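Engineer: for reference, the sequence and a predicted model appear below.
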Amino acid sequence: MKPKQVKKIKVIVDGRLYYGVENETIFQLLKRKGFDIPALCHHPDLKVKANCRICVVEVSGCETLKTSCSTKIESGMEIYTSSDRVIKARKINIELLYASHVEKCVNCSYRFECDLLKFARQYRLKINRFSDRKKNRKTYKFGKAVEIDDTQCIDCNNCVEACQLQGISFLKSDNYGINTEIKPVSDKDKTCVYCGQCALHCPVAAAQEQDSAILVDKMLKDKKKIVVAQIAPAVRVALGENFGFKYGVNVEDRIYTALKKLGFDYVFDVNFGADITTMVEAEELVERLSDKKAVWPMMTSCCPAWVNFVEFYHPELINNLTTARSPHIHNAAAIKTYFAKKKEINPKDIVVVSIMPCTAKKQEKEREELKYKGRKLVDEVLTTREFSYLIKDNKIDFNNLSKSEGREYFNSGSGAGAIYGASGGVMESALRSVPYILNKKEKEEKEQEEKEKGKNSKKKNKNGNIVKAENAKLEGSLEFKSVRGMKGIKEAEVKIGKKKLKLAIVSGLKNIESLIPKLSKYHYVEVMACPGGCIGGGGQPIPTTDEIVEKRMKGLYGIDKKREKRRAHLNKEMMECYQSLKNSENKDKLLHTKYKKSKRIVVKTTKDIPPF
């Protein structure tokens, strides 16, 4: 069967002939052909709203200017992108947007990437031509993770739609016209899970992470403290976008150098912590397989937004969550115990800063269940965007930095640790090590049998189940491609020994609701709150689209491919550290955690003080 031919449509743009395709908008055509058309409210993964009205063009024969994002091309259409009329309208519209956006550029972590600021420079505008009509509006703070600053909101409604796409619908657009305001809903059955998708889709930083960059800058100047950084897998394939690198390029070698230049005393890789998480989670899966009373399915817990979702919306699933802490918490535990002991450093003098693709990690570090001896293991969290801001604000020439490994202590983890940032990566990492754990368990049981003469040769565990792993090869499968990809719900089946495990992988919180009624059919479920996993996290560079996330995902799997060790249990340095943590009398407080039913968050509001 021949593929259906795409109908080509002739249009004239600024006097030149171009070919578009059926149902293509003017904006899509112009972008595809390399035209520089300003836009703020447009996002390819969201509905077209035509709210900002700065993408206007002139169409011959039409009395009014047309918003290019909402106008489809027609055969013979004559379009003008930079006529006097168009330029005048864009200037006025941008100036009016500034009347809705109190300028707080000095301390804004989005300052160096801000399109609104770029357009003001491009069109040589006087940004205070109109008075700030929202200067007395509130800022809504959600936990210690994200905030909605209504003094900066341009009413594009992207944050509201992003929240709806997550299935949360915690934000609403209230009132009309000049009185429009974004605020949390009053429904007591809804709460924020801190995923940060609102911030990721906001074009002007009205919705953003609660800033930690200034605080970390101060920490680095405190010579009494040893300040260490740890970077998440997803950061290294996204940060480069803010410095002109192609999507998905791994810039970890420059990251280590940049962190040293910023003043961090030591640099660690969260991939190492991900390997610890893999071992904890894989061992728990094996334990559940041996336990008649085990709760199924076992569900991943390294995504804090997903954990928040369970604790509020579905507390009946709390016992399904694995007890494993998340990778940056595991890594921080290793830093403040194992590393501190080896270096003879008082853990109280160590400040751990996690650089994450995630806004929910900012709130996760505050959880009482994750503290050790009454103190936080992770002291501060920077998003990828905040890290980018610090590099630029400190005038570090990132593109020309010398490449360095920068890891004096702990290694950069296995390939299994690297893929944690992609949807399906956590599960795949665990599955790579489950056969090893089963074989180890069988070997230990056989050794015990030999010592116990006269007893049944088939050694049983305390629950009466015979644990067999004779068909589980030492290494097992290396790649589980069926769990990869951008699809919101993926299903797979794998054989571990003689046991067939049914798997489900979810990315994007809204997708979990359709899976919950049939959870009983699965053994193992991975859930990531953000579409595509951590690489599409709320703290990642803007823009983040499905297409960009796929390229970042490809970057992570590329790192995995190049690693000499691609299974967590083959990381000898990590295994030594892990055994040390397991042998500790406080192992449960270093490796495991608990969950509890939660209440709706308390939304704090502030009246902003003008920055000048």
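Structural biologist: Okay, I see it. Residues are numbered from 1 along each chain as shown.
Engineer: the helix or strand of the chain with the lowest mean pLDDT pairs with which strands, parallel or anti?
Structural biologist: Scoring the helices and strands of the chain by mean pLDDT, DSSP states H and E places strand 603-607 at the bottom, with a mean of 81. Partner strands and pairing direction for strand 603-607 (DSSP bridges) are strand 138-142 (antiparallel).
Engineer: downstream of the partner strand, the next helix or strand is which one?
Structural biologist: With elements assigned by DSSP states H and E, the helix or strand that comes after strand 138-142 is strand 146-149.
Engineer: who's in contact with that next one?
Structural biologist: 139-142, 159, 171, 182-184, 192, 194, 196, 198-199, 205-210, 359, 538, 608 (Cβ atoms under 8 Å, 6 or more residues apart in numbering). C-beta: built from backbone N, CA, C; applies to glycine.
Engineer: next, the contact list for the residue lying closest to H523 once chain neighbours are set aside, please.
Structural biologist: Of all residues not flanking H523 in the chain, L501 sits nearest, at 4.4 Å (Cβ to Cβ, 6 or more residues apart in numbering). Each residue near L501 by Cβ under 8 Å, 6+ apart is listed here: E493, V494, K495, H523, Y524.
Engineer: and for the fourth one, the neighbour number?
Structural biologist: The tally of other residues near H523 (other Cβ atoms under 10 Å) stands at 20.
Engineer: ditto for the second one
Structural biologist: Other residues lying near V494 total 20 when counted by other Cβ under 10 Å.
Engineer: buried sites along the helix or strand containing it?
Structural biologist: Assigned by DSSP H and E, V494 falls within strand 489-496. Of the residues in strand 489-496, K490, A492, V494, I496 count as buried by neighbour count, 16 or more other Cβ atoms under 10 Å.
Engineer: go on, stretch 16-33?
Structural biologist: Buried, per 16+ other Cβ under 10 Å, within stretch 16-33: Y18, G20, E24, T25, I26, F27, Q28, L29, L30, K31.
Engineer: could you dump those residues to CSV with distance to G240?
Structural biologist: Compiled in CSV, those are given as follows (distance: Cβ to Cβ, whole Å):
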residue, distance to G240
Y18, 32
G20, 32
E24, 30
T25, 30
I26, 31
F27, 27
Q28, 26
L29, 29
L30, 26
K31, 22
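Engineer: closest to K604 out of those residues?
Structural biologist: F27 (38.3 Å; Cβ to Cβ).
Engineer: now for that closest one: which residues touch it?
Structural biologist: Per Cβ under 8 Å, 6+ apart, neighbours of F27: I37, A39, H42, C55, S68, C69, T71.
Engineer: grab the nearest non-local neighbour of E283.
Structural biologist: With Cβ to Cβ, 6+ apart as the criterion, E283 has its nearest non-adjacent residue at 5.7 Å, and that residue is I437.
Engineer: secondary structure element for the one you found?
Structural biologist: Using DSSP H and E, I437 maps to helix 425-451.
Engineer: next one: I87
Structural biologist: With DSSP H and E as the test, I87 turns up in helix 84-99.
Engineer: buried set for that helix?
Structural biologist: Going by neighbour count (16+ other Cβ under 10 Å), the buried part of helix 84-99 is V86, A89, R90, K91, N93, I94, E95, L96, L97, Y98, A99.
Engineer: the spatially most central residue of the chain - nearest residue in space that isn't next to it in sequence?
Structural biologist: By Cα atoms, centre = their mean, the chain has its centre lying nearest to G537, at 2.0 Å. Spatially, and ignoring its direct neighbours in sequence, G537 is nearest to P357 (3.5 Å; Cβ to Cβ, 6+ apart).
Engineer: check the spacing between the residue nearest to E283 and I496 real quick.
Structural biologist: Distance of I437 to I496, computed by Cβ to Cβ, to the nearest Å: 10 Å.
Engineer: next one: V267
Structural biologist: Per Cβ to Cβ, V267 is found 36 Å from I496.
Engineer: so which strand or helix has the residue nearest to H523?
Structural biologist: Here L501, judged by DSSP H and E, is contained in strand 499-507.
Engineer: quick one, domains of the chain?
Structural biologist: Taking automatic domain parsing as the reference, the chain has its domains at 14-96, 231-449+463-612.
Engineer: any idea of the mean pLDDT in the first one?
Structural biologist: Here domain 14-96 scores 97 as its mean pLDDT.
Engineer: now do the end-to-end distance for it.
Structural biologist: 27 Å (Cα to Cα, to the nearest Å).
Engineer: number of nearby residues for P435?
Structural biologist: Residues within reach of P435, counting by other Cβ under 10 Å, total 23.
Engineer: where does it land on pLDDT?
Structural biologist: The model's pLDDT for P435 equals 92.
Engineer: from what I can see it touches I496, true?
Structural biologist: Yes. P435 is in contact with I496 according to Cβ atoms under 8 Å; the separation is 6.5 Å.
Engineer: so who does the residue nearest to E283 touch?
Structural biologist: Contact partners of I437, counting by Cβ under 8 Å, 6+ apart, are M279, A282, E283, V286, H569.
Engineer: make TSV out of those and add secondary structure and pLDDT.
Structural biologist: Listed next are the contacts of I437 as TSV, based on DSSP: H, G, I helix; E, B strand; the rest coil; pLDDT from 0 to 100:
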residue	secondary structure	pLDDT
M279	helix	98
A282	helix	97
E283	helix	97
V286	helix	95
H569	helix	97
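Engineer: hmm, which two among those residues are most spread apart?
Structural biologist: Using Cβ to Cβ, the two most remote members of the contacts of I437 are V286 and H569, lying 12.2 Å apart.
Engineer: tell me the secondary structure for K134?
Structural biologist: Under DSSP: H, G, I helix; E, B strand; the rest coil, the three-state class of K134 is coil.
Engineer: ok, it - contacts?
Structural biologist: Counting by Cβ under 8 Å, 6+ apart, K134 touches S100, H101, V102, D150, T151, Q152, C153.
Engineer: contacts for stretch 332-350?
Structural biologist: With contacts defined as Cβ under 8 Å, 6+ apart, stretch 332-350 is touched by 224-226, 228, 230, 268, 272-273, 276, 325, 352, 354, 372, 375, 377-378, 409-410, 577, 580-581, 584, 590-591.
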